[in-house]
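**Student:** need the 3D shape of this:
(one chain, ligands or ions: 2)
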Amino acid sequence: MTTKPQDRVLIFDTTLRDGEQSPGATMTHAEKLEIASLLDEMGVDIIEAGFPIASEGDFKAVSEIARQSQNAVICGLARAQLPDIDRCWEAVKHAKRPRIHTFIGTSPLHRAIPNLTMDEMADRIHETVSHARNLCDNVQWSPMDATRTEWDYLKRVVEIAIKAGATTINIPDTVGYTAPRESADLIRRLIEDVPGADEIVFATHCHNDLGMATANSLAAVEAGARQIECTINGLGERAGNTALEEVVMAMRVRNDIMPYETRIDSTKIMNISRRVAAVSGFAVQFNKAIVGKNAFAHESGIHQDGMLKNAETFEIMRPEDVGLAATNLVMGKHSGRAALRSKLEDLGYELGDNQLKDVFVRFKELADRKKEIYEEDLIALMRTATDPE
Ligand code: KIV
Ligand code: ZN
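**Tutor:** Numbers count the residues shown, from 1 in each chain. Ligands and ions are numbered 1, 2, ... in the order given. Predicted coordinates for the structure are as follows:
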């Protein structure tokens, strides 16, 4: 089946910009280049490589990522100030397909910081987006804290940015405040009400403060957004950003109700997740969706028995689809006889029913003392079973 262009959702990864802004997640130059190349290989459409005005290091990283990337659009972030935008362009211009992403906080709380009136801010938006567009034909504009911006003002500034030449309008839920229905309504109303909206791409950029970033991003897509901004492992400030692996796999596994496609090679997910965890120093929680250690692991007897008979009993995705070799049947005190037999067979032991019964009793005794039973423990158990000396 071929994908209609309107069913394609662009994946914009900001692990190297918003992700790296998590306190303590700073990556070295070499690490950033490595992650960028993994993102490019996995099929990310746009890589936000950094914030070039923020530091010499960021400028250098964005410039080199722009030079090395083969497929993805390379984007840099810039505040709504002309020197920021110029610096950003200097860094991204080396890319085959560069993008400038410029933003300003439009909600009442954010407007108070530069102390601009609504009209002054509107003029600033026109000036900075036009300036960016004169440098680069791919310009993204974001009204930061869009979800807490007054509707009339949001509509007004989005229209100004489109008229000034923005090709993507990103709607950030900067503080993770919105909820799925509201996220969808906002995108739908902008598409319906803003002149020129049908000429550009709407993006959704969600933070996870209330644990709703994935749901809010998918709701925005259902309402017409065609770019999701996300990070590997959901890395990002405070409770993080939308997790790339979650939105990609949700649209794949539930394509029956979310018929959207991405270019992501999902078999590369596990590797990049592990690399991002290693270089950022942010370990992935065990029960994290898709990439957690336990996402494809089963310990209880009923689950293990079900998995041995038919993996679909307790798994909605195949581990291979996200780059894992196999489901992990963890041996512990909740495991049953079927899993023990299967594990022992994998280790080369063929047991009769009586022998299995005996080993199972001793396995349970051991499992009561030890949290997890490893292969070495099973081999030791079998040695004492066959050779009581
Ligand atoms: O969360 C946010 O508002 C941002 C913007 C800079 C897009 O990261
Ligand atoms: Zn953000």
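
**Student:** so which residues of this protein form helices?
**Tutor:** Remark: helices assigned in the chain by DSSP state H are 29-42, 56-68, 82-92, 108-111, 118-135, 151-164, 180-193, 213-222, 244-253, 269-280, 301-309, 337-346, 353-369, 375-386.

**Student:** in a markdown table, list these along with mean pLDDT, distance to ligand 1 and mean neighbour count.
**Tutor:** Where C-beta positions appear, they are placed from N, C-alpha and C, glycine not excepted. As requested, those are exported to a markdown table (pLDDT from 0 to 100; distance: least, Cβ to the nearest ligand atom, whole Å; neighbours: other Cβ atoms under 10 Å):
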| stretch | mean pLDDT | distance to ligand 1 | mean neighbour count |
| --- | --- | --- | --- |
| helix 29-42 | 98 | 17 | 19 |
| helix 56-68 | 98 | 14 | 20 |
| helix 82-92 | 98 | 12 | 21 |
| helix 108-111 | 96 | 9 | 16 |
| helix 118-135 | 98 | 14 | 18 |
| helix 151-164 | 98 | 13 | 19 |
| helix 180-193 | 98 | 14 | 18 |
| helix 213-222 | 98 | 11 | 25 |
| helix 244-253 | 98 | 15 | 23 |
| helix 269-280 | 97 | 17 | 19 |
| helix 301-309 | 88 | 38 | 17 |
| helix 337-346 | 90 | 45 | 18 |
| helix 353-369 | 93 | 46 | 14 |
| helix 375-386 | 84 | 45 | 14 |
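
**Student:** how near is residue 18 to residue 206?
**Tutor:** Separation of residue 18 from residue 206 (Cβ to Cβ, to the nearest Å) stands at 11 Å.

**Student:** in terms of neighbours, single out the busier of those two.
**Tutor:** residue 206 (31 against 24; other Cβ atoms under 10 Å).

**Student:** contact partners for that one?
**Tutor:** 172-173, 176, 178, 183, 212-214, 216-217, 220, 229, 241-242 (Cβ atoms under 8 Å, 6 or more residues apart in numbering).

**Student:** closest to residue 73 out of those?
**Tutor:** residue 229 (12.9 Å; Cβ to Cβ).

**Student:** touching, that closest one and residue 244? I think so.
**Tutor:** No: assessed by Cβ atoms under 8 Å, residue 229 is found out of contact with residue 244, at 9.4 Å.

**Student:** what do those two both touch?
**Tutor:** Joint contacts of residue 229 and residue 244 (Cβ under 8 Å, 6+ apart) are residue 13.

**Student:** which residue is nearest the centroid of this protein?
**Tutor:** What sits nearest the mean C-alpha location of the chain, by Cα atoms, centre = their mean, is residue 244, with 2.0 Å.

**Student:** so what's the residue lying closest to that one once chain neighbours are set aside bridging to?
**Tutor:** The shortest distance from residue 244 to any non-neighbouring residue, by Cβ to Cβ, 6 or more residues apart in numbering, is to residue 230 (4.2 Å). In this entry, residue 230 is beta-bridged to residue 13, by DSSP bridges.

**Student:** residue 230 reaches residue 249, doesn't it?
**Tutor:** No: judged on Cβ under 8 Å, residue 230 makes no contact with residue 249 at a distance of 11.8 Å.

**Student:** if we can go back for a sec, between residue 18 and residue 206, what contacts are shared?
**Tutor:** Joint contacts of residue 18 and residue 206 (Cβ under 8 Å, 6+ apart) are 229, 241.

**Student:** and residue 201, what is it in contact with?
**Tutor:** Counting by Cβ under 8 Å, 6+ apart, residue 201 has contacts 10, 167-169, 226-227.

**Student:** which one (most neighbours) among the residues you listed?
**Tutor:** Neighbour-wise, the contacts of residue 201 (other Cβ under 10 Å) top out at residue 169, 27 neighbours.

**Student:** which pLDDT value belongs to that one?
**Tutor:** We have a pLDDT of 98 for residue 169.

**Student:** contact partners for it?
**Tutor:** 140-142, 158, 161-162, 190, 197, 200-203.

**Student:** could I get the pLDDT score of the closest residue to ligand 1 within the stretch 201-350 of the chain?
**Tutor:** Taking Cβ to the nearest ligand atom, ligand 1 has its nearest neighbour within the stretch 201-350 of the chain at residue 205, 5.3 Å off. For residue 205, the pLDDT comes out at 98.

**Student:** and the one 4 residues further on, by the same measure?
**Tutor:** If you check residue 209, the pLDDT there is 98.

**Student:** grab the nearest non-local neighbour of it.
**Tutor:** Per Cβ to Cβ, 6+ apart, closest to residue 209 is residue 176, 2.9 Å.

**Student:** quick check: phi and psi at the one you found.
**Tutor:** phi 60, psi 40 (degrees, to the nearest 10).

**Student:** number the residues from 41 up from this point.
**Tutor:** With 41 as the first residue, the last one maps to residue 216.

**Student:** can you tell me how far it sits from residue 125?
**Tutor:** Separation of residue 216 from residue 125 (Cβ to Cβ) stands at 27 Å.

**Student:** now do residue 413
**Tutor:** 59 Å.

**Student:** got it, and residue 82?
**Tutor:** 29 Å.

**Student:** before we move on, what about residue 331?
**Tutor:** Applying Cβ to Cβ to residue 331 and residue 125 gives a distance of 35 Å.

**Student:** burial check on the residue nearest to residue 249, number of neighbours?
**Tutor:** By other Cβ under 10 Å, neighbour count at residue 216 equals 22.

**Student:** list the contacts for it?
**Tutor:** With Cβ under 8 Å, 6+ apart, residue 216 has these contacts: 246-250, 252-253, 278-279.

**Student:** check those residues and tell me the two furthest apart.
**Tutor:** 252 and 278 (13.4 Å).

**Student:** looking at these two, which has the bigger crowd around it?
**Tutor:** residue 252 (20 against 13).

**Student:** now do the contacts for that one.
**Tutor:** 216, 218-220, 246.

**Student:** of the contacts of residue 246, which is the nearest to residue 150?
**Tutor:** residue 212 (10.7 Å).
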